[in-house]
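# Dropping a prediction and its sequence here:
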Amino acid sequence: MHNRLEQRLSPRRNTMIPATIAFNGGRARVQCIIRNISDTGAKLEVKGVGQVPAAFDLLVPEHSPQPCRVVWRAMREMGVSFA
């Protein structure tokens with residue numbers, strides 16, 4: 001097993017929260033699942049990370065829109081930091 005150095009400032013909590021990625025002034029939307037979340041960022045699962053821009057708003061029901069910046073991308077997942 002390979003241990004990766006933990007560089008996050010706050011611990012992440014595993015989740016399965018449905019959310020929406022909104023960009024282009026809210027005209028474009030991509031559904032996602034928040035797989036884990038902390039005070040400073042989250043890991044999102046999406047069908048295709050290529051369609052998501054570097055900055056967007058994360059929309060979670062009953063919460064204010066959260067501005068995000070993409071930190072890393074993989075095939076169906078991406079890490080974001082909260083702006």
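Done, it's in. Numbering: from 1, shown residues only.
# that's a strand at residue 64, yeah?
No: with DSSP: H, G, I helix; E, B strand; the rest coil as the criterion, residue 64 is coil rather than part of a strand.
# Which parts of the chain are strands?
13-23, 28-37, 41-45, 55-59, 66-73, 77-82 (DSSP state E).
# Pick the most deeply packed of those strands.
Sort the strands of the chain by mean neighbour count, taking mean count of other CB atoms under 10 Å, and strand 41-45 sits at the top with a mean of 21. C-beta: built from backbone N, CA, C; applies to glycine.
# For residue 65, grab the count of nearby residues.
Residues near residue 65, counting by other CB atoms under 10 Å, number 13.
# what's it in contact with, if anything?
By CB atoms under 8 Å, 6 or more residues apart in numbering, residue 65 lies in contact with 22, 57-59.
# if you skip the residues just before and after it, what's nearest to residue 35?
Closest residue in space to residue 35, ignoring its immediate chain neighbours: residue 43 at 4.6 Å, by CB to CB, 6 or more residues apart in numbering.
# For the one you found, give me the pLDDT.
Note for residue 43: predicted pLDDT of 97.
# separation between it and residue 74?
Residue 43 is 10 Å from residue 74, where distance means CB to CB, to the nearest Å.
# Isn't the residue nearest to residue 35 up against residue 78?
Yes: with contacts counted by CB atoms under 8 Å, residue 43 reaches residue 78, the gap being 7.3 Å.
# and the nearest residue to residue 74 once chain neighbours are set aside, how many neighbours?
Closest residue to residue 74 apart from its sequence neighbours, by CB to CB, 6+ apart: residue 49 at 7.1 Å. Residues lying near residue 49 (other CB under 10 Å) number 18.
# ditto for residue 47
Using other CB under 10 Å, residue 47 has 10 neighbouring residues.
# Same question for residue 50.
Counted with other CB under 10 Å, the neighbours of residue 50 add up to 8.
# Likewise for the one 10 residues further on?
Neighbour count of residue 60, defined by other CB under 10 Å: 15.
# Kind regards, and thank you for your time.
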